[in-house]
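[1] pasting the sequence and the predicted coordinates here, then a few questions.
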Amino acid sequence: MIRYLAGRAAQSALVMLIMSFLVYGLIGLMPGDPIDLMLSADPRLTPEDATRLRALHGLDRPIGERYLAWLAAAAQGELGYSRLHAQPVTAVLASHLGHTLALLGTSFVLAIAIAVPLGVAAARRPRGFLDHTVNLCCFAGISVPPFWLALLLIMAFAVGLGWLPAGGLRSPGGDGGWTDRLAHMVLPVATLTLASVAGYTRFVRAAMIEALRQDFVRTARAKGAGEGRVLVRHALRAALVPVVTIVALHFGGLVSGALVTETMFAYPGMGRMIYDAIMGNDFNLALAGLVLATVVTLLANLAADLAYAALDPRVNLARDAK
Amino acid sequence: MAIEPPRQATTSRPASLRRALGRAVAVAFLIVALAAPEARARDQLVIGISQFPSTLNPLIDAMVAKSYVLAMARRPVMAYDKDWKLVCLLCTEIPSFENGRAKRETLPDGRTGASLRLTLDPRANWGDGKPVGAADVVFTWEVGRHAQTGVGDFETFRRILKIDVVDDKTVVLHLDRVTFKYNDLAGFELLPAHLERAAFQDPAQYKTKTLFDTDPTNPGLYAGPYRIAEIARGSHITLVPNAGWWGPPPAFKRVIVRAIENTAALEANLLSGGVDYVAGELGLTLDQALAFERRHGKKYRVQFKPGLIYEHIDLNLDNPALTDKRVRQALLLALDRAALNERLFAGKQQAAHSFVNPLDMAYDPQVKIYPHDPARAAQLLDEAGWRKGPDGMRRNAQGQALQFDLMTTSGNRMRELVQQVLQSQWRAAGIEVRLKNEPARVFFGETVRQRKFPAMAMFAWVSAPENVPRTTLASTHIPSAANNFAGQNYTGFRNAEVDQLVDRIELELDRAARQSLWKRLQAIYAEELPALPLYIRADAFVVPPWLGGIQPTGHQYPSTLWIENWRAE
């Protein structure tokens, strides 16, 4: 097992290195730089100012040279300074990551908690009334664009009924208590949950239908196991293997944020942060955000592999690593 | 002597009184309950804008959101007001040759410079009680002119050769030249020397050590009616009254600036009460504001203020067809810009006839106007050798079609609509126009900056009052690989007289004489048409009926510089 984990760690390090180089290169290839943004915002800036500022921020140096300098600093744990936020990158990351984990973590847990029982229930009687109803809701959920759903929820619950705030982290000027924060999370969490529960339900349903057709399920029933036991202990356990793969892939998204939902609800999360950093040529922040998302995705995949071994006795990681 | 009231009446009073009192209390509770949220809301103003500021240091980086927020908490030495006049905000009087505070002086190299005697308002204090003084002026100049600090507007500081301190509140600035803007210190934003000097020990590290970013709620950083009390990055900034403020007391106990990037969400927040007022400087787009006014015009006042934003089409004068002035003039004559304004902008964005805003003193009301004149456009194109074929499109003698690519920023709904209208109007004149749009970053970062647009680039110039168009019109500012694409003369316009006029305007101090130079410059521009003027863009301020005193300026000095005049009415 240790050998397996060491191998995966080495692979992950290589992937991160390649990823950081690609991200840096891609941002560098984008036309324009932050100085162009400054020029458009301040009519008093002269072309000479632009040249001076480009030199000061190192934007006139070759991209390879800048990448190596960043890599050397990052290797020593120095992620640098975010130009857009005027803060150290670690401080910006910590703040946005916390907000995103609270938002996406809640919706992720809720989505799984809703999708698994729904998928199992739908799979019990394929083409039955419940299955049709669940499928209909799922297709609707998959088809609805998150920005539209967000706007709909805002118009209904914030503008129309006035029950919930339309966005933000907490009431500006309010006490910032947990009930206030919770109220601000309801609509974005609902948007994200509704958007993702449909997909998860479809995966669980499909995996369960496949599992319920297997011989071991028939055998379990023949041996007199109750329906609940057959469903949960036998079929669901087998069905979870493909579902875990999907969930693990989505888990990486917990860190890279939900750009559309965060933008619609003016929520300062990782999605908006990474987007703004890329568009604003904030290399340090964009790189740190994307590399962090890569690390979490790699870790989630590792966790998924470990979960396979736990769920499926045929999988032996120690043996496979040889 | 008093008449005793009838006893019977008094005996029956307690029961009815109790009932009446009970009713009164109930009604009072109801009134208080209904009125309380309103009363609370009037103590606090929540402003919605569509951008969150990055650094709060007034000298580093240029960002509209930062200017907007800082204008509530700080005061530049001087600024342009709503009438586009330069006014003192931290000084007592604008130095001028007329009032004797400015004097010409000969520089060591023989050139003529000027000295300005500047006196700071004796009442002006930082929020921690320390006076705003001469030491702050000198320190700010040191920071501003240091090449390593990352200050954007270097020119404001570089032109000051030396500063003599006369007393705690008076300094004499020695300038390296005398231009008509010799006394314009609008970009001079003072830094509190007593707090910021430590961060300036290593100038190269100043931009990461400045207290505006490491300790932004320090009251000593602010000398405006408000100070920043809380920053929730990416979400909102809270301002409270500044104890050290010497001017009229501001009306609100708390001002919160909320950043909501998506303008549809910004509108929803306004309707749901999450935001009281949407700032015009950084708020709804014009089409959104017009739609909002139609739907909610009774509940909100939507003010449209034409600004120093000049929407136009830069023509690439290296394009063979566009080298002919008659073709450029025909392009403008073929457009019905008045109809465009009426149909797309509900008349809120007037057609532009010059690169100078009509509100600017430099504007020439007699400037040549190109009305919609398809017949004259056709005549000019015929004369230029572009004749209509059987398919209605124009071709030259070699059979080449008169066609251009019109480029702009993709995703900008208003510009895309304008593009389509222009395309159809030009098609009617026999000119084929292909629309080719790019994301703003690609468009401005490469296509326009490196003059890669083959024919037409539609965008806006944002300028300052009486802004000399040196970088956009002088032949020395045509971007090329040789000059590392410095300059903003993207059309490639070369005109010796314009080059001279730009120099002369800068050095002409007499207002009337300068106006005649501006007149000539605009006449050449209107005749040569290196760019096609489209319209003057307007900002939309969505104001609740109870909020008064907001006076949009239309230039880069935001309305919040006079927030002490805002009132809940």
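    Received the coordinates, thanks.

[2] so which bits of the stretch 401-550 of chain B are right by chain A?
    Near chain A, the residues belonging to the stretch 401-550 of chain B are B:441-442, B:444-447, B:449, B:461-464, B:467, B:471, B:477, B:484, B:486-488 when assessed by Cβ under 8 Å from any Cβ of the partner chain. Backbone N, C-alpha and C define where each C-beta goes, glycine included.

[3] not counting sequence-adjacent ones, nearest residue to residue B:142?
    Leaving aside its sequence neighbours, residue B:142 sits nearest to residue B:200 (Cβ to Cβ, 6 or more residues apart in numbering or on different chains; 7.3 Å).

[4] how far away is the one you found from chain A?
    Separation of residue B:200 from chain A (Cβ to the nearest Cβ, to the nearest Å): 15 Å.

[5] how much space separates that residue from residue B:463?
    Distance from residue B:200 to residue B:463, counting by Cβ to Cβ, to the nearest Å: 31 Å.

[6] now residue A:110
    Between residue A:110 and residue B:463 the distance, using Cβ to Cβ, works out to 51 Å.

[7] comparing the two, which residue is more hemmed in?
    Counted by other Cβ atoms under 10 Å in any protein chain shown, residue A:110 and residue B:463 do not tie: residue B:463 has more neighbours, with 22 against 17.

[8] tell me if I'm right that the more buried one and residue B:308 touch.
    Yes: contact criterion Cβ atoms under 8 Å: residue B:463 and residue B:308 qualify, at 5.0 Å.

[9] so where's the chain shaky on pLDDT?
    No chain was given, so I picked chain A. For chain A, the stretches with pLDDT under 70 are A:32, A:37-45, A:47, A:173-176, A:253, A:257, A:313-322.

[10] looking at chain B here, not the other one
    For chain B (pLDDT under 70), the answer is B:1-41, B:152-153.

[11] neighbours of the residue of it found nearest chain A, just the number please.
    Distances between chain B and chain A by Cβ to the nearest Cβ are smallest at residue B:445, namely 2.0 Å. By the measure other Cβ under 10 Å, the count of residues near residue B:445 is 20.

[12] now it. Its backbone dihedrals?
    phi -70, psi -30 (degrees, to the nearest 10).

[13] so who does it touch?
    A:30-33, A:36 (Cβ atoms under 8 Å, 6 or more residues apart in numbering or on different chains).

[14] which among those gets closest to chain B?
    Of the contacts of residue B:445, the one sitting nearest to chain B (Cβ to the nearest Cβ) turns out to be residue A:32, at 2.0 Å.

[15] and stretch B:429-449, end to end?
    Taking Cα to Cα, to the nearest Å, stretch B:429-449 runs 30 Å from one end to the other.

[16] please state the offset of it from the chain centre?
    The gap between where stretch B:429-449 is centred and where its chain is centred comes out at 24 Å by Cα atoms, centre = their mean, to the nearest Å.

[17] what strands flank the longest strand anywhere in chain B, and is each parallel or antiparallel?
    Scanning chain B for the strand with the most residues, using DSSP state E, yields strand B:301-315. If you go by DSSP bridges, strand B:301-315 pairs up with strand B:456-462 (antiparallel), strand B:531-543 (antiparallel).

[18] relative to the whole chain's centre, how far out is the last one?
    It stands for strand B:531-543. Its chain's C-alpha centre and that of strand B:531-543 lie 11 Å apart, by Cα atoms, centre = their mean.

[19] what residues does the stretch 101-250 of chain A put near chain B?
    By the rule Cβ under 8 Å from any Cβ, the part of the stretch 101-250 of chain A lying against chain B is A:150-151, A:154-155, A:158-159, A:162, A:165-170, A:172-173.

[20] how about the host helix or strand of residue A:19 and chain B, touching?
    Using DSSP states H and E, residue A:19 maps to helix A:2-29. No: using Cβ under 8 Å from any Cβ, helix A:2-29 never reaches chain B; the gap is at least 10.7 Å.

[21] now that helix: buried residues?
    Residues A:4, A:8, A:12, A:19-20, A:23-24, A:27-28 are the ones in helix A:2-29 that count as buried (16 or more other Cβ atoms under 10 Å in any protein chain shown).

[22] how about residue A:234: what's its closest non-neighbour residue?
    Nearest to residue A:234 is residue A:220, by Cβ to Cβ, 6+ apart, at 4.8 Å.

[23] which residues touch the helix or strand harbouring the one you found?
    Per DSSP H and E: residue A:220 is located in helix A:215-222. Taking contacts as Cβ under 8 Å, 6+ apart, the residues outside helix A:215-222 that touch it are A:211, A:229-230, A:233-235, A:238.

[24] neighbour-wise, which one of these leads?
    residue A:235 (25 neighbours).

[25] are we agreed that that one is in a helix?
    Yes: counting by DSSP: H, G, I helix; E, B strand; the rest coil, residue A:235 falls inside a helix.

[26] that one and residue A:212 touch, don't they?
    Yes: look at residue A:235 against residue A:212 with Cβ under 8 Å: they come within range, at 5.1 Å.

[27] and the end-to-end length of stretch A:164-171?
    For stretch A:164-171, the end-to-end distance is 11 Å (Cα to Cα).

[28] need the residues that contact that stretch.
    Residues contacting stretch A:164-171 (Cβ under 8 Å, 6+ apart): A:99, A:154, A:157-159, A:176, A:180-181, A:183-184, A:186-188, A:264-268, B:232, B:235-236, B:258, B:260, B:265, B:268-269, B:272, B:274.

[29] quick one: which of those residues sit in strands?
    B:232, B:236, B:258.

[30] in these, which residue is surrounded by the most others?
    Highest neighbour count within the ones in strands among the contacts of stretch A:164-171: residue B:236, with 26 neighbours (other Cβ under 10 Å).

[31] quick one: the helices in the stretch 101-250 of chain A?
    Applying DSSP state H, counting those that start in this stretch to the stretch 101-250 of chain A gives helices spanning A:129-143, A:146-153, A:178-212, A:215-222, A:227-229, A:237-256.

[32] contact partners for residue A:29?
    Taking Cβ under 8 Å, 6+ apart, one finds residue A:63 in contact with residue A:29.

[33] please apply the same query to the one 4 residues further on.
    Residue A:33 sits next to A:54, A:59, A:281, B:445 when contact means Cβ under 8 Å, 6+ apart.

[34] do the same with residue A:238
    Counting by Cβ under 8 Å, 6+ apart, residue A:238 makes contact with A:207, A:211, A:214, A:216, A:311-312.

[35] same question for residue A:225.
    Taking Cβ under 8 Å, 6+ apart, we find residue A:225 in contact with A:233-234.

[36] please report phi then psi for it.
    Dihedral angles of residue A:225 (phi, psi; degrees, to the nearest 10) stand at phi -70, psi 140.

[37] buried subset of the contacts of residue A:238?
    Neighbour counting with 16+ other Cβ under 10 Å marks A:207, A:211, A:311 as buried within the contacts of residue A:238.

[38] relative to residue B:302, which of those residues is nearest.
    residue A:207 (54.0 Å; Cβ to Cβ).

[39] I'd assumed residue A:240 was in contact with the closest one.
    Yes: Residue A:207 lies in contact with residue A:240 (Cβ under 8 Å); the separation is 7.4 Å.

[40] what's the overlap in contacts for the two?
    By Cβ under 8 Å, 6+ apart, no residue touches both residue A:207 and residue A:240.

[41] which positions within stretch B:559-567 qualify as buried?
    In terms of neighbour count (16+ other Cβ under 10 Å), stretch B:559-567 has its buried residues at B:559-566.

[42] and the chain, split by domain according to the record?
    I'll assume chain A. A:2-84, A:89-315 (automatic domain parsing).

[43] you answered for a different chain; I wanted chain B.
    Using automatic domain parsing, the domain parsing of chain B gives B:2-74+B:211-306+B:539-568, B:78-196, B:308-537.

[44] let's have those domains in JSON lines, adding distance to residue A:301.
    Below are the domains of chain B laid out as JSON lines (distance: least, Cβ to Cβ, whole Å):
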{"stretch": "domain B:2-74+B:211-306+B:539-568", "distance to residue A:301": "30"}
{"stretch": "domain B:78-196", "distance to residue A:301": "41"}
{"stretch": "domain B:308-537", "distance to residue A:301": "32"}
